[in-house]
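Enquirer: Sequence first, then the predicted structure, then my questions.
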Amino acid sequence: MVRQHFKTVDEYISSFPSDIQDLLQQVRRAIREAAPGAKEVISYQIPSFTLRGSLVWYAAFKDHIGFYPRASGIAAFKEKLSAYEISKGTVRFPLDKTLPLDLIQEIVRFRVRENCKGP
């Protein structure tokens, strides 16, 4: 299997079937709305948003959409994320369930506050 190297988020998203593209676009829009000043980039070969440092990443997999709001984002929302498979810095949203876009936005806003309160 040849690993693809993506230069843009559009390139990444377009590499998936249309149903997965729709889910990725939903996540993308939710993040953009919650962090309007953030810059969209490819980091670790997946979509990422940055604002005074890395905010969040997201990616598509066979059975889930991975969302990566750093360990602090997971810890702060551990109770609200209890319905999902989580680990230190990862939450997995199953493809067969509706994406919790409001929760994603809440976590992104938390990460924006966290990144912007610096020195």
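Expert: Here it is on my side, so go on.
Enquirer: Next one: residue 31 from residue 62, what distance?
Expert: For residue 31, the distance to residue 62 under the criterion C-beta to C-beta, to the nearest Å works out to 22 Å. Glycine gets a C-beta too; all of them are placed from N, C-alpha and C.
Enquirer: Let me see the confidence value for residue 1.
Expert: The per-residue pLDDT reported for residue 1 equals 43.
Enquirer: do the same with the one 3 residues further on
Expert: The predicted local distance difference test score for residue 4 is 76.
Enquirer: Quick check: phi and psi at the residue lying closest to it once chain neighbours are set aside.
Expert: Closest residue to residue 4 in three dimensions, ignoring its sequence neighbours and counting by C-beta to C-beta, 6 or more residues apart in numbering: residue 15, at 6.3 Å. Dihedral angles phi and psi of residue 15 (degrees, to the nearest 10) take the values phi -80, psi 0.
Enquirer: isn't residue 15 right up against residue 6?
Expert: Yes. Proximity of residue 15 to residue 6 meets the contact threshold set by C-beta atoms under 8 Å, at 7.3 Å.
Enquirer: More neighbours: residue 31 and residue 62, which one.
Expert: Each of residue 31 and residue 62 has its neighbours counted (other C-beta atoms under 10 Å); residue 31 has more, 27 against 6.
Enquirer: Just want the most central residue of this structure.
Expert: Note on the chain: the residue nearest the mean C-alpha position is residue 58, at 3.2 Å, using C-alpha atoms, centre = their mean.
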